[in-house]
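Visitor: need a 3D model of the following:
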Amino acid sequence: MLHESFVKLFWRCFDDIHQGAAWFHVQPVTVKRWLSGWMDVNPMAEKLLLIRVRGYLPDDTRWTGFRIDEERCVIITPEGRMFSPKELDSVALRFDEYHQLKRMYELDYIPVRSNVVTPLPFRGGRRIKQPQSDTVTKEKKKMYREKAKKRLRQLP
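Guide: Just a heads-up that it's a prediction; the model follows:
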């Protein structure tokens, strides 16, 4: 990393030298030497600064635009939506509650996928126009079970 780049990124992240020194776990004199150019910047300090600028997230294309705000303790999406740790933790609970309710009320709901990659399946020699999905009610399930029982009785 060039010296000018390090200086710009340092002042973008930190308000004063003491704050940066505390974050890098070095003495303020060392940070002053890095910023003045008198001494080469430690390569690990460069990597740590880049991580801090990116917001602690991995250098992966799927995380592009996401960042972490330390002061507010939130993850910020590229659209500007903020998620707190408690909110992210509750997502799993909501997911479990949703599936528990589905099991409790015997609803089999399969949502229509808008970005279907595979071609639609064949039905009777022709392609179906639209993927079918709907909520199966208790009455329909009972009807399906009764038909299945009748078929089993008819088998020798």
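Visitor: show me the beta-bridge partners of I76.
Guide: With DSSP bridges applied, I76 shows beta-bridge pairing to R67, M82.
Visitor: which ones are touching it?
Guide: By CB atoms under 8 Å, 6 or more residues apart in numbering, the residues touching I76 are G55, F66, R67, I68, D69, M82. (Each C-beta comes from the backbone N, C-alpha and C, glycine too.)
Visitor: now the buried members of these.
Guide: Buried subset of the contacts of I76 (neighbour count, 16 or more other CB atoms under 10 Å): F66.
Visitor: list just the nearest of the contacts of I76 to V29.
Guide: Nearest to V29 out of the contacts of I76 is G55 (CB to CB; 28.5 Å).
Visitor: what does stretch 47-66 rub up against?
Guide: Applying CB under 8 Å, 6+ apart, the set of residues contacting stretch 47-66 is 1, 6, 9-10, 12-13, 23-24, 67-69, 75-78.
Visitor: can you tell me which residue is spatially central in the chain?
Guide: In the chain, the centroid-proximal residue (CA atoms, centre = their mean) is W63; its distance is 8.1 Å.
Visitor: quick one, longest helix in the protein?
Guide: Counting by DSSP state H, the longest helix found in the chain is helix 85-104.
Visitor: distance between that helix and the chain's centre?
Guide: Its chain's C-alpha centre and that of helix 85-104 lie 16 Å apart, by CA atoms, centre = their mean, to the nearest Å.
Visitor: farthest-separated two in the contacts of I76?
Guide: Farthest apart among the contacts of I76 - using CB to CB - are G55 and M82, which lie 12.3 Å from each other.
Visitor: name the residues contacting each of these two.
Guide: Joint contacts of G55 and M82 (CB under 8 Å, 6+ apart) are D69, I76.
Visitor: I'd assumed G20 was in contact with K32.
Guide: No - contact criterion CB atoms under 8 Å: K32 and G20 do not qualify, at 9.9 Å.
Visitor: neighbour count: the two, which is higher?
Guide: Neighbours were counted for K32 and for G20 using other CB atoms under 10 Å; G20 has more, 23 against 14.
Visitor: show the average pLDDT along the helix or strand hosting the more buried one.
Guide: Taking DSSP states H and E as the definition, one finds G20 inside helix 17-24. Mean pLDDT, helix 17-24: 92.
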